[in-house]
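Chemist: sequence first, then the predicted structure:
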Amino acid sequence: MITQQIGQILLGELEKAVTAETIQDLVPEDLEIEAHNTMWRASDPNQLTLLKLIPTTTATSIIHQFDQVVSYGERRGDGFFGETTLPLGTKPQFARKQTNIRLIGEWSETYLLAHLQKTIRVEGSTSADAIAKQLLVLNLLEKKNRAIYFADTSTQRLGADGMKWKGLLQLIREGTDGTSGTSPYGSHVIDMEGQPLTLETLRAKAAKIITLFGRINCLIMDPFARAYFESTMDAAQRLNLPIIARAFMLGQNIGGFHTQNGDILFHTDYSLTPLAYQGQYKAEAMDQAPTSPPAVTLTLNSSPTGSNVSKWIAGDAGEFFWIVTEIKNGRESLGRRVPSSGTQAVGVGQEIQLAITPTDPLSDSFKIYRSVSSDDSDTEAFGIFEVANSGSGSAVTTYDLNQARPNTSVAFGLNIRSEASEFLHQVPNGVRSQYSLAVENSERFLGMDDNPMNTVSLAQLGPSMGTMELATILPTTSRPLIYSAAAPQCRNPLQNIVFINIGSPASTG
């Protein structure tokens, strides 16, 4: 009995001891000295791909011009002539093109208290000011890379006089569809209508580029389109005999293919995924955006209006909803959902007519999002296109004809001659170590010199990435503005091609 009482007394004393839970507030924080980055890095082989491949052309004016040789002379006739006569007179033809340099940039600020604190290391930087600047640069690089592909002046209220440059998609489209140039094969923007890219399609388009005196040597696509390519090659996997006991790795890492006596090398770029270039609707207005969403009226037309061509086919018809936002100076408002609840059924050959009234007459554009199925929430809707505001304050009418499809990819087949592309294309077959080394160190290819044979380049006015320190306001220690004055140029749209609305069994959005 006495022993039992002593045990109970000791147990009671133990219960009064200091435990890990009670002392927790007095223990210093134990943090690792390096922040673990869950985002991309500039050295990521699947990020900033176009910026690494595209050469830089030095510009000296905000209106950057270049010349094209469009004809050596009269091609008709056979050139024969008699002894006492003259041959056909002829002369070469030239064309002068221009691109307008535009500013792209971002700024940030660091306040005094943040500056005074001791920080851990983030992306190689250890002070609040340096961390903010480093992350600012990375954010701008991603936006610049995406804008080279997709910036479009035709979707802006001021058009070519606005803030944006013409991206490669617009340059290739307008340079081949009759807007500023024509191709004997029609527009070089190929609508895949939700179907995946195949080797047969690429071979056929590459052959057409060959007849136009060029060669596609770079095919830049998103991970979904590339994953489908690799899956189509799984059946071609060969097993070595005799089969050894160790584990065998299935699957193909396809780096490109050989056609028309040349190589088309595959590149992956995250900027071409639906999440990156289309974006999903975010129910949060940006800072300094229009204060409310535009007013929208939806009308279902049983047949296309005027010369419109509907691409709503049986496999695409269904129940959908749309969200429309208003954009001014790059700031996007909250969206207006139509119908406000439920969905709208769309059938074969029909069109959706949207009448959009801005809250601010001087807003630049409207962005239209569409759901991919009837049961999606608002934030599952993907952007499909942007339309310019008129500037009058009256309603702007636009149409969803299924010519742009949500949750689909884009691929660019480009004729690029640069240090990066040449280096990667010269890697001998089977020599993986050199190719891997080039990809892992691809960051060094940013801002390469131009080549006269190159069809796509980035005209750069001033530094590729400049810094201005804005005046400090309030207790701030730094207010860096990171900028770039540039514009992509496509010297020969006929030798480049874009595939849009690419579907893939691998795509999950």
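Modeler: Everything's here; your move.
Chemist: residue 258 and residue 200: what is the separation?
Modeler: The spacing between residue 258 and residue 200, counted by CB to CB, to the nearest Å, is 15 Å. In this view, the C-beta of every residue, glycine as well, is placed from N, C-alpha and C.
Chemist: residue 417 too?
Modeler: 27 Å.
Chemist: who's more crowded, the two?
Modeler: residue 417 (19 against 8; other CB atoms under 10 Å).
Chemist: which of the helices or strands spans the more buried one?
Modeler: Using DSSP states H and E, residue 417 sits in no helix or strand.
Chemist: show the contacting residues for it.
Modeler: Going by CB atoms under 8 Å, 6 or more residues apart in numbering, residue 417 touches 55, 217, 451, 453, 454, 455.
Chemist: do I have it right that the second one meets residue 418?
Modeler: No: taking contacts as CB atoms under 8 Å, residue 217 lies outside contact range of residue 418: 10.1 Å.
Chemist: circling back to that earlier point, from the contacts of residue 417, which is closest to residue 124?
Modeler: Proximity of these to residue 124 (CB to CB) peaks at residue 55, which lies at 27.4 Å.
Chemist: identify the bridge partners of that closest one.
Modeler: Counting by DSSP bridges, residue 55 forms beta bridges with residue 448.
Chemist: kindly report the same for residue 481.
Modeler: residue 107, residue 468.
Chemist: quick check, pLDDT for it.
Modeler: Residue-level confidence at residue 481 comes out at 93, pLDDT.
Chemist: run a quick neighbour tally on it.
Modeler: Using other CB under 10 Å: residue 481 sits among 15 other residues.
Chemist: okay, which residue is most central for the chain?
Modeler: Centre of the chain computed as the mean C-alpha position; nearest residue by CA atoms, centre = their mean is residue 271, 3.2 Å away.
Chemist: how about that one, nearest residue that isn't a chain neighbour?
Modeler: Counting by CB to CB, 6 or more residues apart in numbering, residue 146 is the residue found nearest to residue 271 once chain neighbours are left out, at 4.5 Å.
Chemist: contacts for stretch 287-294?
Modeler: Under CB under 8 Å, 6+ apart, the answer for stretch 287-294 is 285, 324-329, 331-336, 356-360, 363, 366.
Chemist: repeat that with 10 Å
Modeler: By CB atoms under 10 Å, 6 or more residues apart in numbering, the residues outside stretch 287-294 that reach it are 285, 323-337, 354-360, 362-363, 366, 389, 395-396.
Chemist: go ahead and build a PyMOL selection from the buried members of the residues you listed.
Modeler: Selecting the buried subset of those in PyMOL, with 16 or more other CB atoms under 10 Å as the burial test, is done by:
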select buried, resi 285+323+324+325+326+327+328+332+333+334+335+336+337+354+356+357+358+360+363+366+389+396
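Chemist: pLDDT below threshold where in the chain?
Modeler: 1-4, 6-7, 9-17, 19, 234-246, 248-252, 422-448, 506-509 (pLDDT under 70).
Chemist: do a quick rundown of the helices in the stretch 401-509 of the chain.
Modeler: Secondary structure of the stretch 401-509 of the chain by DSSP state H, counting those that start in this stretch: the helices cover 419-425, 432-440.
Chemist: actually, the stretch 251-400 of the chain.
Modeler: So, for the stretch 251-400 of the chain - with DSSP H, counting those that start in this stretch - there are no helices.
Chemist: what ranges does it have for its strands?
Modeler: For the stretch 251-400 of the chain, the strands defined by DSSP state E, counting those that start in this stretch occupy 256-259, 262-268, 295-301, 318-320, 322-328, 331-332, 336-338, 344-346, 351-357, 365-370, 382-388, 396-400.
Chemist: who are the packing partners of the shortest one?
Modeler: Think strand 331-332. If you count contacts as 3 or more CB pairs under 10 Å, 6 or more residues apart in numbering; DSSP states H and E, strand 331-332 packs onto strand 365-370.
Chemist: the strand it packs on pairs with which strands, and in what direction?
Modeler: Short version: by DSSP bridges, strand 365-370 pairs with strand 322-328 (antiparallel), strand 382-388 (antiparallel).
Chemist: rewinding a little: dump the strands of the stretch 251-400 of the chain into a markdown table; add distance to residue 61 as well.
Modeler: Converted to a markdown table, the strands of the stretch 251-400 of the chain look like this (distance: least, CB to CB, whole Å):
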| stretch | distance to residue 61 |
| --- | --- |
| strand 256-259 | 38 |
| strand 262-268 | 32 |
| strand 295-301 | 41 |
| strand 318-320 | 46 |
| strand 322-328 | 28 |
| strand 331-332 | 29 |
| strand 336-338 | 42 |
| strand 344-346 | 48 |
| strand 351-357 | 37 |
| strand 365-370 | 27 |
| strand 382-388 | 27 |
| strand 396-400 | 34 |
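Chemist: sounds good, over and out.
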